[in-house]
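Trainee: Fold the following.
(one chain, ligands or ions: 2)
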Amino acid sequence: MDYDPSVEKKAIDDTKAGVKGLVDSGIVEIPRIFIRPSHELAEELTRCKSTLQIPVVDLSGIEVEGGRKKIVDEIRDASEKWGFFQLINHGVPSSVLEGMIDGTRKFHEQDVEVKKEYYSSDPTRGVRFESNLQLLTTKGRNATWKDTLYISKLVSEPDEIPEVCRKILVEYKNHVIKLGDILLGLLSEALGLKPDHLKAADCNKGLMLACHYYPACPQPELTLGTGKHTDPVFVTILLQDQSGGLQVMRDNQWADVEPIEHGLVINIGDLLQIVSNDKFVSAIHRVVANKVGPRISVASFFTGCSTPPKMYGPIKELISDENPPLYKEFLAADYTAKYYSKPLDTRDLFRL
Ligand SMILES: O=C(O)CCC(=O)C(=O)O
Ligand SMILES: [Fe+2]
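Mentor: Residues are numbered from 1 along each chain as shown. Ligands and ions are numbered 1, 2, ... in the order given. You can find the predicted model right below:
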């Protein structure tokens, strides 16, 4: 009989309990929609692992003489070579980081009847719980072993945030906004621009949080926690617990992003790669599945989706006869819409 993945997807969707619901039901074999194509599994066995580590940038010296320049240089180097770095002494209190991980756990581990109320695939909903974002609307993607609570209406309607994590989420979000401003200042300088350049271009607008929960997986070698992708945003601030599993592609090899306690992972998204005219890279990354779980992470995306919307393209100050623009201008929201209609490598979407 022909295999129809949409039937399997619908059956799982109908439970409104996500991947965690499958695990709680006691399955020992993962459903077929989670199994990666055989060519991908075969390639995995032959690909070498990188032993390199993404750079660590310490923000504690930002106020001291010469400290800011050193940090800007480190961020420039990391953004050009890796598109990824870890931040330590970033000013977000440890209690808030731990509280946010705990709040995410509480949301996903609460009574399934309460959680179901939030289950939705409608991307226009400001608060929604979903397993496998827009799966099967995109050709060539299989499901991955993860559930996510997405929160985009952060400023206007905090009452809509689930009660179990509302207080900590609002507190964490306020810290992320502050850190985002500091980071955009440093990234602007790293591009040789005035410190307020990226903020003035609304790159700090449209904050969205994705609170991920990766349950223990009975057959981790057959699937992934998050499939390989780049982020269709300006910058992502990622909080991860100590489980590990995040990997970033460097020179065609996967490098593990080792968790640093109370550190935050920063990654450059496609939009910053584009406005920097390819000076900075938006690196491919993924999360492997694990027999042990759950793994919890919270990605804060600066999407650049502002009201009124702004046009984005390579920054004029970075363009010259020797360095002509590589991309045309577009709206951030159009970028996101196109991104989700394609399987991968979307940075070419608006290439000239
Ligand atoms: O869970 C993680 O560590 C990364 C998730 C991720 O890459 C994303 O949400 O874009
Ligand atoms: Fe990502």
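Trainee: Where does Asn142 fall, secondary structure wise?
Mentor: Taking DSSP states H and E as the definition, Asn142 sits outside all helices and strands.
Trainee: That one contacts Ile35, correct?
Mentor: Yes - applying C-beta atoms under 8 Å, one finds Asn142 in contact with Ile35, separated by 6.6 Å. For the C-beta atoms, the positions are set from N, CA and C on the backbone; glycine is no exception.
Trainee: in this structure, which segments are predicted with low confidence?
Mentor: By pLDDT under 70, the low-scoring segments of the chain are 1, 133-141, 155-156, 343-347.
Trainee: coming back round to it: okay, Asn142 and Ile35: which has more neighbours?
Mentor: Neighbour totals were compared for Asn142 and Ile35, and Asn142 leads with 19 against 16 (other C-beta atoms under 10 Å).
Trainee: quick one on the thing from earlier: can you list residues touching both of Asn142 and Ile35?
Mentor: Thr223 (C-beta atoms under 8 Å, 6 or more residues apart in numbering).
Trainee: Give me the nearest residue to Ile27, chain neighbours excluded.
Mentor: Residue nearest to Ile27 in three dimensions, not counting chain neighbours: Pro218, with 6.7 Å by C-beta to C-beta, 6 or more residues apart in numbering.
Trainee: let me fix that: Asp256
Mentor: With C-beta to C-beta, 6+ apart as the measure, Gln247 is the residue that lies nearest to Asp256, at 5.7 Å, once sequence neighbours are left out.
Trainee: so what's that neighbour bridging to?
Mentor: For Gln247, the beta-bridge partners are Asp256, Arg286 (DSSP bridges).
Trainee: Contacts only, for it.
Mentor: Counting by C-beta under 8 Å, 6+ apart, Gln247 makes contact with 254-257, 285-288.
Trainee: Could you export those as a markdown table, including neighbour count?
Mentor: Formatted as a markdown table, the contacts of Gln247 follow (neighbours: other C-beta atoms under 10 Å):
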| residue | neighbour count |
| --- | --- |
| Trp254 | 19 |
| Ala255 | 21 |
| Asp256 | 17 |
| Val257 | 24 |
| His285 | 23 |
| Arg286 | 17 |
| Val287 | 24 |
| Val288 | 21 |
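Trainee: Let me have those in a markdown table, extended by distance to ligand 1.
Mentor: Output for the contacts of Gln247, formatted as a markdown table (distance: C-beta to the nearest ligand atom, whole Å):
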| residue | distance to ligand 1 |
| --- | --- |
| Trp254 | 13 |
| Ala255 | 14 |
| Asp256 | 11 |
| Val257 | 8 |
| His285 | 5 |
| Arg286 | 7 |
| Val287 | 5 |
| Val288 | 10 |
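Trainee: count of neighbours near Lys194?
Mentor: Neighbours of Lys194 using other C-beta under 10 Å come to 13.
Trainee: now swap in Val64 and tell me
Mentor: If we define neighbours as other C-beta under 10 Å, then Val64 has 9 of them.
Trainee: Tell me where the chain has strands.
Mentor: 56-58, 84-88, 127-131, 147-151, 207-214, 224-229, 235-240, 246-250, 253-256, 264-268, 285-288, 295-302, 311-312, 330-331 (DSSP state E).
Trainee: who does the last one pair up with?
Mentor: Note on strand 330-331: by DSSP bridges, its sheet partners are strand 311-312 (antiparallel).
Trainee: any idea how far Ile27 lies from Ala216?
Mentor: 11 Å (C-beta to C-beta, to the nearest Å).
Trainee: brain fart, Glu40
Mentor: Distance of Glu40 to Ala216, computed by C-beta to C-beta: 22 Å.
Trainee: if I read this right, Arg351 contacts Pro325, doesn't it?
Mentor: No - counting by C-beta under 8 Å, Pro325 is not a contact partner of Arg351; they are 9.9 Å apart.
Trainee: and those two? which has more neighbours close in?
Mentor: Neighbours per residue, other C-beta under 10 Å: of Arg351 and Pro325, the larger number sits with Pro325, 17 against 11.
Trainee: Many thanks, we can stop here.
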